[in-house]
Structure formats: C-alpha cells, structure tokens
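Asker: how would this look folded up:
(2 chains)
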Amino acid sequence: AQKITQTQPGMFVQEKEAVTLDCTYDTSDQSYGLFWYKQPSSGEMIFLIYQGSYDEQNATEGRYSLNFQKARKSANLVISASQLGDSAMYFCAMREGRNTGNQFYFGTGTSLTVIP
Amino acid sequence: GAVVSQHPSWVICKSGTSVKIECRSLDFQATTMFWYRQFPKQSLMLMATSNEGSKATYEQGVEKDKFLINHASLTLSTLTVTSAHPEDSSFYICSARIGSYNEQFFGPGTRLTVL
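Answerer: The predicted structure is shown next:
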C-alpha cells in the first residue's frame, strides 16, 4: 500500500484565492511526522510545514496551514491568498517512528498553477 | 535554516564514464544523509541512507555497485554513478538530518545527463 497518497496531479487557483492540496497517509505507527515541501522548477525542495502525530493543534506557518485529521489519516495543505510565486510542485511526506534517521516517504506530488 | 549544498549542480557526461556528486552540510553536522533520485514529473525515490562512518543502506532495486555512496565525514557524503548510461540520466537530490530535528534539509539537486 502507498504510504502517502496525493490524488490531485494538477490544481489551478486564482491569484489571492485559497487552495487545498490533499494528502492521505498510511501507517500503523503511533508516532510519526507529516511534512509538506514545495519544489519550484529550479528543483530545490523547500520545506513548508510540519505536523507531529501528537500535536493537537493544526500547524500553521504564515500563509500555509495543515488541516490534520488524524482519524481520517489526512494532512491537507491549505495555502491562503495564493500568489503567482506559489506555482510549483507540492509534495506531502511522512516519517514514521521517533528515530530521526528514519526515511521519508513522499507522495507523487501535486502541480499547482496560480492564475493571474 | 540549515544549508545543504550539492556539487555539481548539473553535469553532462559520456556513456561509460563515472560521475561523482558531493553533498555537504554547510553549517551543521549531519549524522545521516539521504540520496534521492527524481525522474521528470515524478516523486522523489529514496536510493540509500548514508550514515557517517558506516556502509550505506540501499533501497530495494538500487544497485550498490553502480551507485557508490561514501559518507566519510559528518559534513560530506558522495554519490558516484559508475559506468553511467543514458538511463541513469536523472535529478539526484541529497538531504541531511540534524540530531533530533524533525525535518530533512535538502540540497539543491544535481541534474545528470548521460549522452
């Protein structure tokens, strides 16, 4: 089974509008971390936001927020007030367990295009 | 945030040659580094986990004799693609972890083209 599933290969959003990128995950671990990364056309992976499995509050970082629904095993990224510079690939990732050396599992990504 | 560099950022080589890619953590010591491969419009595929001073752990299906990984110090890991072929053309990304930090810090990637 896929550890991370991103069902939206491509999304379009109007500038200044909000957009939600979907992510579901599969794990039997009680302790895990969920991440979102942005990858612009340059290729570098830019860390956006992190949510720990024991965090009771949804994570927020500026215009990014993570809608964490533990029972549904979903960790959707919400981008508010979209900007043209937000156009990029977005990857959801998960690290299982507490060991900081544990690998990340990445989803297949969502390509976001912001329309002026 | 922490910075990870990769060198070279892009390389073009002839089929049959070997290519070395360096991954450096610039302002921290990374006990663990990861090497990923990414084909166009696809996700990152973990190739191997590199721990300083020990042999790398390769993912299933990744040829360890073809993709040689050396993690000689806490700030440097290298990936050598030996006898490269056109099918090895890809985007290679490394990442590093700091101690108990949750996130990985990614390098900017190396685009390899084998002619």
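Asker: where does chain A dip in pLDDT?
Answerer: Applying pLDDT under 70 to the predicted model, the residue ranges of chain A that meet it are A:98-101.
Asker: who in it is up against chain B?
Answerer: The interface of chain A toward chain B, taken as CB under 8 Å from any CB of the partner chain, is made up of A:33, A:35, A:37, A:42-45, A:47, A:50, A:52, A:91, A:95, A:100-101, A:103-104, A:106-109, A:111. Backbone N, C-alpha and C define where each C-beta goes, glycine included.
Asker: redo that, cut-off 10 Å
Answerer: Residues of chain A that fall close to chain B, judged by CB under 10 Å from any CB of the partner chain: A:4, A:6, A:9, A:33-35, A:37, A:39, A:42-52, A:89, A:91-93, A:95, A:98-109, A:111.
Asker: separation between residue A:78 and residue A:104?
Answerer: Separation of residue A:78 from residue A:104 (CB to CB, to the nearest Å): 21 Å.
Asker: the two: which is more packed in?
Answerer: Between residue A:78 and residue A:104, residue A:104 has the larger neighbour count (other CB atoms under 10 Å in any protein chain shown), namely 22 against 16.
Asker: so the residue nearest to the more buried one when sequence neighbours are not counted is in which element?
Answerer: Spatially, and ignoring its direct neighbours in sequence, residue A:104 is nearest to residue A:93 (4.6 Å; CB to CB, 6 or more residues apart in numbering or on different chains). With secondary structure defined by DSSP states H and E, residue A:93 is part of strand A:88-96.
Asker: beta-bridge partners for residue A:66, please?
Answerer: Per DSSP bridges, residues listed as beta-bridge partners of residue A:66: residue A:77.
Asker: count the residues that sit near residue 31.
Answerer: All of this is about chain A. By the criterion of other CB under 10 Å, residue A:31 has 13 neighbours.
Asker: you looked at the wrong chain, it should be chain B
Answerer: The local packing of residue B:31 (other CB under 10 Å) involves 17 other residues.
Asker: same deal with residue B:3?
Answerer: Counted with other CB under 10 Å, the burial measure for residue B:3 works out to 13 neighbours.
Asker: quick check: it touching residue B:25?
Answerer: Yes - A contact is recorded between residue B:3 and residue B:25 when judged using CB atoms under 10 Å, the distance being 7.5 Å.
Asker: what's the spacing between the closest residue to chain B within chain A and residue A:15?
Answerer: Checking chain A residue by residue against chain B with CB to the nearest CB singles out residue A:45 as nearest, at 3.8 Å. Distance from residue A:45 to residue A:15, counting by CB to CB: 24 Å.
Asker: repeat for residue A:59
Answerer: Remark: distance between residue A:59 and residue A:15 (CB to CB) = 24 Å.
Asker: neighbour count: those two, which is higher?
Answerer: residue A:59 (20 against 12).
Asker: check contacts around the more buried one.
Answerer: Residue A:59 makes contact with A:34-36, A:48-52, A:65-68, A:75, A:77, according to CB atoms under 10 Å, 6 or more residues apart in numbering or on different chains.
Asker: from residue A:49, how far out is it?
Answerer: Counting by CB to CB, the gap from residue A:59 to residue A:49 is 5 Å.
Asker: returning to that earlier point: who's in contact with the residue of chain A closest to chain B?
Answerer: The neighbours of residue A:45, taking CB under 10 Å, 6+ apart as the test, are A:35, A:37-39, A:89, A:91, A:93, A:106, B:4, B:36, B:38, B:44, B:93, B:95, B:104-109.
Asker: could you count how many residues lie near the residue lying closest to it once chain neighbours are set aside?
Answerer: Here the nearest residue to residue A:45 in space, its sequence neighbours aside, is residue B:106; by CB to CB, 6+ apart that works out to 3.8 Å. A total of 23 residues lie near residue B:106 under the criterion other CB under 10 Å.
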